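**Q** I would like to see how this sequence folds:
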Amino acid sequence: MPKPPANSFRELTNLDFIRTIAVLSVVAVHTMVYTGYIEYVGWTGAIGVGIFFVHTTIVLMMSLERDPHVWRFYVRRAFRLFPLWWAVLTLYVLFRIPISPDDSGLFVYHAPAGLEWLWQYLLLFDFKGTGGASVVCASWSLPLEAQMYVVLPLLYWCAIRWRRLWPLLAIDLAAIAFDLFRFKMQVTNLPMAFPYFVPGVMAYLLYKRTAPKLPSWTFVPWIALLVTLGHWHGNYREEWLFCLILGLTLPFFRELSWKPLLRVCHLIARYSYGIYLCHGIAIAVGVYELRGQNLTVRIFAYMATLVGLSVGFYHFLEKPMIFWGSRLAKKIQRGPAPRMNERELSLEAAP
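**A** I've put the predicted structure just below:
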């Protein structure tokens, strides 16, 4: 691969903020669905997933800049993605967590049959003929991200080779045109999701060449406006536009600096992968299993389950696996040496 540009990234505190908004949007939507307020959720969850995709692409472009070796990238990603997924999926199977796969608000356990077990554990359940439904609540986007890892190194290579936005914009628009012609609106597969990721590559290039001009205090209302518009007017197709707008505008804002907000966002971003995968268990406990208890008990159980699982999984599973994945990746010696040691590389964002 060509060497990446020499200039380094400034501290990007805004990324923690948008990741926090993304995960809280997803959690809030599914909590409302399973507590009987489905008519109020709109497309907030979908716009949250779109923010996830843009955020993750930016962070992984930076990761590839620090270490552009493709196989080391894949090893680190595998150790970041699969251990927690396997642990949470096993919990769902062992305890038959009753969260419906289609997010309909029904408390129903989805039991995989035949080879669907294998597709679930390999994050291939979105392919036609494998059942298509996840055992784990709200995890339909996870296989799309895992499959996108295959092409992210190629997009990184294109970005640092071209160093211009217009080829990436042309790729994005071509993918959208293909999807409009080929797929129905409700289909969610990698080609359909591809235009959600490409704006993150554009944002990466803009971060490399743009001095932020807009004051930081305008960033929060800007994101709030995008989420609000996405809530009322979004769908799986219109979200392409929201992701494109986010990717093209994000680098122009100065970084947030209010420390209380940043501390909260940093904590939520750190545990966000666990929050994303475990909030269905918290809903099942607080809303379904304790349905005969008073509201205070149910809220406490919901929060305790969500926080306990997310924090516990991070410190006892995620963090060790991230570190060991980076150590293992370091043993792959071919190619340029990483710019950072394995402990620093292990701080890559969660999926």
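**Q** I'd say residue 19 and residue 272 touch.
**A** Yes - here residue 19 reaches residue 272: they are 5.8 Å apart, a contact under CB atoms under 8 Å. Where you see a C-beta, it was placed from the backbone N, CA and C, and this is true even at glycine.
**Q** Any regions of the stretch 101-250 of the chain where pLDDT drops low?
**A** When residues are selected by pLDDT under 70, those of the stretch 101-250 of the chain lie in 101-104, 128-133, 185-187.
**Q** For it, which segments are assigned as helices?
**A** Counting by DSSP state H, counting those that start in this stretch, the segments of the stretch 101-250 of the chain that form helices are 116-121, 142-148, 152-162, 165-182, 190-209, 219-233, 238-249.
**Q** Please, which helix or strand holds the one residue sitting closest to the centre of the chain?
**A** Among the residues of the chain, residue 52 comes closest to the average C-alpha position under CA atoms, centre = their mean, at 3.8 Å. Using DSSP states H and E, residue 52 falls within helix 44-66.
**Q** just checking, what's the longest helix in the chain?
**A** helix 70-95 (DSSP state H).
**Q** Pull the distance from that helix to the chain's centre.
**A** The chain centre lies 14 Å from the centre of helix 70-95; the measure is CA atoms, centre = their mean, to the nearest Å.
**Q** just stretch 256-270 next, same as before
**A** Taking mean C-alpha positions (CA atoms, centre = their mean), stretch 256-270 and its chain are 18 Å apart.
**Q** which outside residues touch that stretch?
**A** 13-17, 19-20, 23-24, 216, 219-220, 275, 314, 349 (CB atoms under 8 Å, 6 or more residues apart in numbering).
**Q** Mind checking which of these land in strands?
**A** Counting by DSSP state E, the contacts of stretch 256-270 place none of their members in strands.
**Q** Tell me the buried residues within the residues you listed.
**A** Among those, those classed as buried by 16 or more other CB atoms under 10 Å are 13-17, 19-20, 23, 219-220, 275, 314, 349.
**Q** between those, which is nearest residue 287?
**A** Closest to residue 287 out of those is residue 275 (16.5 Å), distances taken as CB to CB.
**Q** if I pick the closest one, what's in contact with it?
**A** Contact partners of residue 275, counting by CB under 8 Å, 6+ apart, are 23, 27, 268, 306, 310.
**Q** these two touch, right, the first one and residue 272?
**A** Right, residue 23. Yes - look at residue 23 against residue 272 with CB under 8 Å: they come within range, at 4.4 Å.
**Q** could you list every residue that touches residue 274?
**A** 84, 309-311, 313-314, 318.
**Q** what residues are up against the nearest residue to it once chain neighbours are set aside?
**A** Excluding its sequence neighbours, the residue lying closest to residue 274 (CB to CB, 6 or more residues apart in numbering) is residue 310, at 3.4 Å. Applying CB under 8 Å, 6+ apart, one finds that residue 310 lies in contact with 271, 274-275, 278.
**Q** Next, residue 310: secondary structure please.
**A** helix (DSSP: H, G, I helix; E, B strand; the rest coil).
**Q** So among the contacts of stretch 256-270, where is pLDDT lowest?
**A** Within the contacts of stretch 256-270, residue 349 has the lowest pLDDT, namely 49.
**Q** Residue 307 and residue 262: what is the separation?
**A** Computed with CB to CB, to the nearest Å, the distance linking residue 307 and residue 262 is 20 Å.
**Q** do the same with residue 317
**A** From residue 317 to residue 262 the distance is 26 Å (CB to CB).
**Q** swap in residue 243?
**A** Taking CB to CB, one finds residue 243 at 24 Å from residue 262.
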